[in-house]
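Based on what follows, work out the 3D shape:
(chains A, B, C and D)
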Protein chains: 2
Amino acid sequence: MDANEVLLLGLLGQEEMHGYKLHEFLEHELNFVSDLKRPTAYRLLEQLLHRQLVERATEREGRRPERMVYRLTAAGQARFETLLREQLADAERVIHAGNVALLFSDRLPPDERRRLLARRRDGVAAQREVLLSIVEAHAPGSTVRLALQHDLAHLDVELGWLTRTIEGLKGECSTSGVITLVAHDPPRRTSSPGAGSAIASGGSKANAVHFSRV
Amino acid sequence: MDANEVLLLGLLGQEEMHGYKLHEFLEHELNFVSDLKRPTAYRLLEQLLHRQLVERATEREGRRPERMVYRLTAAGQARFETLLREQLADAERVIHAGNVALLFSDRLPPDERRRLLARRRDGVAAQREVLLSIVEAHAPGSTVRLALQHDLAHLDVELGWLTRTIEGLKGECSTSGVITLVAHDPPRRTSSPGAGSAIASGGSKANAVHFSRV
DNA sequence: AACGATATAGTCATATCGGACTATTCATCA
DNA sequence: TGATGAATAGTCCGATATGACTATATCGTT
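Here you go, the predicted structure:
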């Protein structure tokens, strides 16, 4: 993804670095912001090098083995700024993988459904706990803290939403369980004058699929 | 990802379907839940077939060309339930790609930073708008609605957070701009008795990297 | 003197994903 | 009758990501 590119360019713009340290840094300091893996980082560095957005020199510190130090070039700086502007303004489309399970959650008996969701909530709570302590270790006003607080806000809703949902599922034993997906945006371009109620899709092709419990 | 697998198994468990319709359905009804692409769906179907989690028959409806209809097998149903339980209880680790840009946002002049973030907010607001109308088209209590409301909740925080952040950035002209990443979790296993303040990391290796503005 | 940990730098095979392209049959309408 | 479009089913190639593996030099400890 492009985010990786800005990330590396940005970090190198900050301070020249060698690959290993770069990755250490990501893993230890920014693991809530990025999960860039080491081989990926190396490959990306190589590619940036090839595009002349960074340059590489060898240096040695003390009597440790040689290291390759990467430094941002002018072109790299320019590219960085472009990408940064793009991505700062971009409202990323987030897909929550967890929704899929939610979608089918009514195929399980209600109590198990609640139990599993409670487990999910505990996991989120644990994440929140960790993140909270990390946030507090960062100076207020720092951009890192900003990003972490952003994540925290999301963990908070997630937690609240899960709690409310689980709560709302109590007092459920065996609901009628036939659920319908309606076509909110009828994609049939062929003669569909029914711009009225989205529910009454009495077309020829049933574009409503029924979700029933097992 | 595994979510795709449950998704297909779940949909097929619902009702046997042919690949094209499956994809249509995903694209038109579930595009907020999944962005599974068509080639990916076909490939996955093939793989499920090979693992005998689904079976395939050819049928024809009216005088349309032949179609391959996929149906869940018993093994498929079992696999589905296993995966469902796993994923329902799993607290997925979400990485927000947008955070990276945030991290470096102080490399831009404050007013531009605000302007770009405002643009991001508008994008999110637009997404929210769309999602809201979709949510309303679904019966209350349906699992689809549940999932969509989950997304909505996240869009809501995102919106609120962006608004607050932008607001908080007003009255900023050219702050000092030296920001420090502190090591919240000192990874050096070598003699690090400093369990006290995480800030005063006066170790030999500077594990604090300075973020300064350009 | 030997050994294990650590710092550093990779490589490679494999898997996944998705944009773009192709192919076939039928329906419809000029 | 010929063209167009849409329903249906793929395929293929290139990009990307990553787990696992390798290699080497140095340092600290026993």
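
pLDDT of stretch A:23-41, averaged?
The pLDDT scores in stretch A:23-41 average 91.

wait, I meant stretch A:151-165
Mean predicted lDDT for stretch A:151-165 stands at 97.

which parts of chain A sit against DNA strand C?
Within chain A, the positions adjacent to DNA strand C are A:18-21, A:24, A:38-39, A:42-43, A:46, A:61, A:64-69 by CB under 7 Å from any atom of the strand. Any C-beta I mention is one placed from the backbone N, CA and C, and that applies to glycine too.

Make a PyMOL selection of whichever of those residues turn out to be buried.
One line in PyMOL is enough to select the buried members of the residues of chain A next to DNA strand C, burial here meaning 16 or more other CB atoms under 10 Å in any protein chain shown:
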select buried, chain A and resi 18+19+21+67+69
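
Which of the residues of chain A next to DNA strand C fall in helices?
Among those, DSSP state H puts A:19-21, A:24, A:38-39, A:42-43, A:46 in helices.

Report the two of those separated the most.
A:24 and A:46 (18.6 Å; CB to CB).

got the domain boundaries for chain A?
Domain assignment for chain A by automatic domain parsing gives A:2-89, A:96-175, A:176-214.

Output those domains in JSON lines; the columns should cover distance to DNA strand D.
Shown next, in JSON lines, are the domains of chain A (distance: least, CB to the nearest atom of the strand, whole Å):
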{"stretch": "domain A:2-89", "distance to DNA strand D": "3"}
{"stretch": "domain A:96-175", "distance to DNA strand D": "14"}
{"stretch": "domain A:176-214", "distance to DNA strand D": "5"}
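
measure the residue nearest to residue A:163 when sequence neighbours are not counted to residue A:115 for me?
Spatially, and ignoring its direct neighbours in sequence, residue A:163 is nearest to residue A:121 (6.4 Å; CB to CB, 6 or more residues apart in numbering or on different chains). Residue A:121 sits 11 Å away from residue A:115, taking CB to CB, to the nearest Å as the criterion.

Settle it for me: which of these two has more neighbours?
residue A:121 (20 against 15; other CB atoms under 10 Å in any protein chain shown).

Determine whether the claim that the more buried one is in a helix is correct.
Yes. Counting by DSSP: H, G, I helix; E, B strand; the rest coil, residue A:121 is located in a helix.

That one is in contact with residue A:155, isn't it?
No. If you go by CB atoms under 8 Å, residue A:121 and residue A:155 don't touch, sitting 11.0 Å apart.

okay, and the common contacts of the two?
Both residue A:121 and residue A:155 lack any common contact, where contact means CB atoms under 8 Å, 6 or more residues apart in numbering or on different chains.

Which residue would you name as the spatial centre of chain A?
residue A:94 (6.4 Å; CA atoms, centre = their mean).

Now do the strands in chain A.
A:17-18, A:54-59, A:67-72, A:178-181, A:209-212 (DSSP state E).

What strands line up against the second one, and which way round?
Same thing as strand A:54-59. strand A:67-72 (antiparallel) (DSSP bridges).

neighbouring contacts of the strand it pairs with?
By CB under 8 Å, 6+ apart, strand A:67-72 touches A:9, A:12-13, A:16-20, A:22, A:45, A:48-49, A:53-61, A:80.

Put the buried members of those into a PyMOL selection.
Provided next is the PyMOL selection string for whichever of the contacts of strand A:67-72 are buried by 16+ other CB under 10 Å:
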select buried, chain A and resi 9+12+13+16+17+18+19+22+45+48+49+53+54+55+80
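
The ones in helices among the residues of chain A next to DNA strand C: which ones sit near chain B?
residue A:24 (CB under 8 Å from any CB of the partner chain).

Return the set of residues that bridge with the residue nearest to residue A:18 when sequence neighbours are not counted.
Take residue A:18 and drop its neighbours on the chain: the residue closest to it by CB to CB, 6+ apart is residue A:67, 4.3 Å away. Note on residue A:67: beta-bridge partners by DSSP bridges are residue A:59.
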